[in-house]
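In: Structure, please.
(2 chains)
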Amino acid sequence: MGGLSKKAYQIKEIIKENTAPYLILDAGALLFKNERLNPGKQSQDEITATGIVAAYNAMNYDAVGISRHDLAAGLDFLINIRDRSQFPWLSANLVRISTNQPIFESSSIRKIGDLKVGIIGITENVTPGTFSKKDDAAILPWTQILPQLAEDLSQSCDMVILLSSLSATENLQITKELTNIHMILQAQPTSANLNPVQHANTLVFETANRGKYFGLLRFNWSASKAWGVDNTDSLLTLRQNLDRYAWQVKRFTSKGDPEEIFKTDPRRLSSYRNLVQKHDALADEINAIEKDIEYQKKKGLLFSTFANRFFPLDISMPDHKEVKEIVEETKKKVNEAGKNLAQNVSPQKNSEDQASFQSNNLYTGWKICAKCHDQQTLFWQKSKHRNAYQTLINQQQQYNLDCLPCHITPAYSGDVSNALKLPEEFLQVGCETCHGPGNRHSADPSGWPLQSIPGEIVCKRCHTPDRDEAFVYLNKMKLLGCSQAATQ
Amino acid sequence: MLRTQHFLPSLVVSLLFVFCAMDVAQAAAPQEYMIFYSNNVQGETEPCG
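Out: Okay, here's the model as predicted:
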């Protein structure tokens, strides 16, 4: 999980240390996790989205692409967000049905140093129901819009960049069909960073999701407008290999002509011949590369080259002061909104969701568990799970519905705002979080046995790699052995 | 006096030469550009705690 203020700080420091002109871009899926918002936490999600835009304003972003995730709170919300943004939101194919005209900017031209860069946004298709009739909006296929737009921009710009939330397969198709697009920054949810890969004359790249990293692509752009590989390093490696082969050949030839010496030893003769063959092939390869570089230099056809690096965003990193203040203010507003919401939520005893709460009292609370499982309760009371909710109070985030579900006893799969008004005995990661709802078990222990050792999947509902990278199920189970405590 | 008259134009010419040489060197070096990029931030501001 990343941090906007960490990213802002890192970018500021890199800019300070470099004189190279730069752009700051985001391919989209910026505002929301999902294409549909949980109805209980829509207001909090909208506050967070507004805070993110304020942070991006402070970071001087140059352009952001629109993905279907950015439309999760509705088209009007995104238009409102656009009006608060000091950077363009780009989508060439999100159009008004009645006019066939783009609702947002299709493209933006930025000048960095002497380089004129055209940036286009393309949005992936949305699921039915995303737009209301009143929205009068649709996503057109990229094939209808992009070829002409890329052609126009390539006439007036030195370089064309596409911010795309299309699938990787579609982006690959674009690289084949539209060679005048030089970079595609993807917005496809992925847990891994994707280093720039060259397809035809387009670099395709993206960072891992949920803001855990940002990427920095350094490049020079030659008149050839063609990406190439800087062969200097690989040439060095090839020359070292050639030296190695030459040394091995020399060992064979040091005592005379191997063809004569090994006449009666076909195995050694074959090894010698293989070696000579490899040596000569490599020498030819090196020769060809050297000639190629020489030719390019003479003709001024040097390729454009690039180098990429991903920067992980860690909680221990320093913060950008202004962005940190925006994030803190946003978190405060989110908590406040949750607090107001809590006043309108009827008190819940426990629930998997609202429906099951009404029909079954599934959870019973740790105090009832303690009546029979006193040793386990003593063990649990010393654990971090006992204070999970308190950590949210300490950070004044106890009404933040993004955080709350992992700091209380019941699991919520429906409207999470039901979690806002729980009795005290559920305000911790309790016995039933790991062992399952225990109300029936408390009435009939042998008839309703619970899982004594929770499965890995239970832990990983909250200890996801995003939140707890170091979590190893077997190691943690050794530390958290309530059941062993009972037998001691 | 005579020396100063000779010295000043020479200095100006030398400086012009140095600046021109620097310009040429700068033009010969490929210009580097940077793109900072992100995607799929997905509503993340920072960890819960």
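In: check contacts around the nearest residue to A:Ser98 once chain neighbours are set aside.
Out: Excluding the flanking residues, the one nearest A:Ser98 by Cβ to Cβ, 6 or more residues apart in numbering or on different chains is A:Asp136, at 5.5 Å. From N, CA and C alone the C-beta is placed, and that goes for glycine too. Each residue near A:Asp136 by Cβ atoms under 8 Å, 6 or more residues apart in numbering or on different chains is listed here: A:96-98.
In: And the pLDDT for residue 10?
Out: Unless you meant another one, I'm taking chain A. The model reports A:Gln10 with a pLDDT of 96.
In: try chain B instead
Out: pLDDT for B:Ser10: 76.
In: Then the one 3 residues further on?
Out: Looking at B:Val13, its pLDDT reads 73.
In: quick one, phi psi at the residue nearest to A:Ser98?
Out: phi 50, psi 40 (degrees, to the nearest 10).
In: now A:Arg267: how far from A:Ser254?
Out: Remark: distance between A:Arg267 and A:Ser254 (Cβ to Cβ, to the nearest Å) = 19 Å.
In: what does A:Asn57 give?
Out: The gap separating A:Asn57 from A:Ser254 is 72 Å, by Cβ to Cβ.
In: So if I had to pick from those two, which one is more boxed in?
Out: More crowded of A:Asn57 and A:Ser254, by other Cβ atoms under 10 Å in any protein chain shown: A:Asn57, with 15 against 8.
In: Which elements pack onto whichever helix in chain A runs longest?
Out: When chain A is scanned for its longest helix (criterion: DSSP state H), the result is helix A:266-299. Secondary-structure packing of helix A:266-299 (3 or more Cβ pairs under 8 Å, 6 or more residues apart in numbering or on different chains; DSSP states H and E): helix A:232-253, helix A:258-261.
In: just the helices in chain B please.
Out: Per DSSP H, chain B carries helices over the ranges B:2-28.
In: Give me the helix or strand of it that scores worst on average pLDDT.
Out: The helix or strand of chain B with the lowest confidence, counting by mean pLDDT, DSSP states H and E, is helix B:2-28 at a mean of 65.
In: hang on, the earlier thing: take the helices and strands packed on helix A:266-299 and write them to CSV, including mean pLDDT and distance to chain B.
Out: As requested, these are exported to CSV (pLDDT from 0 to 100; distance: least, Cβ to the nearest Cβ, whole Å):
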stretch, mean pLDDT, distance to chain B
helix A:232-253, 88, 13
helix A:258-261, 91, 47
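In: So which bits of the stretch 101-250 of chain A are right by chain B?
Out: Residues of the stretch 101-250 of chain A lying near chain B by Cβ under 8 Å from any Cβ of the partner chain: A:112-115, A:161, A:183, A:185-190, A:205-211, A:213-222.
In: where are the low-confidence patches of the stretch 51-200 of chain A?
Out: Along the stretch 51-200 of chain A, the model assigns pLDDT under 70 to no residue.
In: in it, which spans are helices?
Out: With DSSP state H, counting those that start in this stretch as the criterion, the stretch 51-200 of chain A has helices at A:75-84, A:142-156, A:168-177.
In: starting at the chain centroid, how far to the longest one?
Out: What separates the centre of helix A:142-156 from the centre of its chain is 28 Å, taken as Cα atoms, centre = their mean, to the nearest Å.
In: Likewise for stretch A:58-65?
Out: Centre-to-centre, stretch A:58-65 and its host chain are 17 Å apart (Cα atoms, centre = their mean).
In: swap in stretch A:61-72?
Out: Relative to its chain's centre, stretch A:61-72 lies at 14 Å (Cα atoms, centre = their mean).
In: what number of residues lie near A:Thr409?
Out: For A:Thr409, the neighbour count with other Cβ under 10 Å is 27.
In: On the three-state scheme, it is what?
Out: On the three-state scheme (DSSP: H, G, I helix; E, B strand; the rest coil), A:Thr409 is labelled coil.
In: shouldn't it be in contact with A:Trp366?
Out: Yes. Counting by Cβ atoms under 8 Å, A:Thr409 does reach A:Trp366; the two are 7.3 Å apart.
In: quick one: common contacting residues for these two?
Out: Shared contacts of A:Thr409 and A:Trp366, defined by Cβ under 8 Å, 6+ apart, are found at A:425, A:428, A:430-432.
In: just checking, which of those residues belong to strands?
Out: Using DSSP state E, no member of the shared contacts of A:Thr409 and A:Trp366 falls in strands.
In: okay if I get those as CSV plus distance to A:Gln375 and pLDDT?
Out: Output for these, formatted as CSV (distance: Cβ to Cβ, whole Å; pLDDT from 0 to 100):
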residue, distance to A:Gln375, pLDDT
A:Glu425, 19, 89
A:Gln428, 18, 95
A:Gly430, 16, 94
A:Cys431, 12, 93
A:Glu432, 17, 93
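In: Format these as TSV; extra columns: distance to A:Pro21 and neighbour count.
Out: Below are the shared contacts of A:Thr409 and A:Trp366 laid out as TSV (distance: Cβ to Cβ, whole Å; neighbours: other Cβ atoms under 10 Å in any protein chain shown):
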residue	distance to A:Pro21	neighbour count
A:Glu425	59	18
A:Gln428	53	22
A:Gly430	55	26
A:Cys431	59	25
A:Glu432	57	24
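In: do stretch A:415-429 and chain B meet?
Out: No. Residues of stretch A:415-429 contacting chain B under Cβ under 8 Å from any Cβ: none, with a closest distance of 13.3 Å.
In: do the same with stretch A:35-43
Out: No. Stretch A:35-43 lies out of reach of chain B by Cβ under 8 Å from any Cβ, never closer than 9.7 Å.
In: Pull the distance from that stretch to the chain's centre.
Out: Averaging C-alpha positions (Cα atoms, centre = their mean) puts stretch A:35-43 21 Å from its chain's average.
In: Compute the distance between the residue nearest to A:Glu124 when sequence neighbours are not counted and A:Trp142, please.
Out: What sits nearest to A:Glu124 in space, not counting adjacent residues and going by Cβ to Cβ, 6+ apart, is A:Ser165, at 4.4 Å. According to Cβ to Cβ, A:Ser165 stands 11 Å off from A:Trp142.
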